[in-house]
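Chemist: for reference, the sequence and a predicted model appear below.
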Amino acid sequence: MASNVGVFLERFFPSRAKYDQIDEDADPVATQERWLKKYYFARVAFSAVWVTAAFSFGDNYPLAAAILLVIYPLWDAAAVLVDAQHSGGLAANHPHAINLLVSLATTVLVLVAVIISMHWVFFVYGAWAILSGLMQLGSAVRRWKTAGAQWAQILSGGQSALAGGFFIFQATQSMDPSIKGIAGYAAFGAFYFLVSALWLTVKGLRAQKPANDDF
């Protein structure tokens, strides 16, 4: 299922190899940053739709909430896979590979958890947020010297890990947790992706600015 989503993403975001075939002399840093800008904007767009749906239907329509809760980690797995393909492959990016496996496992576990209770869902999401946050942080550190705006991804990864701990705490409480809590977490993640995308956009525009415009 994740592979099907990956194929869909690949149609709109061709692999890095395809970009290299178009321009073999392209600056690898600029090529990577162009991809990351599109990737970050895509993640913002998906999160915006997901968060809106979660706040609109999550509490009143259990089936819709269950579908949304399963889709979220599945989308993350597909997005991580496509990003890895633009960054040298999974073999060259261990954080991506681990993140992919964790997100796929989370998808399966959430499928089971939604049948049991939201407490179990929050426990699974909490563990996922911690692990995926650490992997996101690791990927950002690896990219620090080759791409801009990684400071925002480091902050996002760290905050994800902290949020995961809070989800696990909520899972132990008697009050039933709400999907809106996860939607808030997703919204903060989207914010950091938006910051990174805008940062790279501004950086790209400055790089295209003629030198004589600086005077």
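Modeler: All right, it came through fine.
Chemist: mind pulling up the pLDDT for the residue nearest the centre of the chain?
Modeler: Using CA atoms, centre = their mean, the residue of the chain that lies closest to the mean C-alpha position is D76, 5.4 Å off. What the model reports as pLDDT for D76 is 95.
Chemist: could you do the one 5 residues further on as well?
Modeler: Listed pLDDT for L81 reads 95.
Chemist: give me the helix or strand of the chain that scores worst on average pLDDT.
Modeler: Least confident helix or strand of the chain, by mean pLDDT, DSSP states H and E, is helix 16-22 with a mean of 46.
Chemist: ok, G189 touching S160?
Modeler: Yes: look at G189 against S160 with CB atoms under 8 Å: they come within range, at 6.7 Å. (Glycine included, C-beta is placed from N, CA and C.)
Chemist: check which helix or strand covers S87.
Modeler: With secondary structure defined by DSSP states H and E, S87 is part of neither a helix nor a strand.
Chemist: whoops, V110 was the one
Modeler: Taking DSSP H and E as the criterion, the element that holds V110 is helix 94-116.
Chemist: flag the shaky bits of this protein, pLDDT-wise.
Modeler: Within the chain, the ranges that satisfy pLDDT under 70 run 1-26, 209-215.
Chemist: same thing but at 90, please
Modeler: Low-confidence regions of the chain, defined by pLDDT under 90, span residues 1-35, 58-59, 86-96, 135-151, 176, 202-215.
Chemist: so where do the helices sit in it?
Modeler: Here the chain has its helices, by DSSP state H, at 2-12, 16-22, 28-57, 62-85, 94-116, 118-143, 150-171, 179-208.
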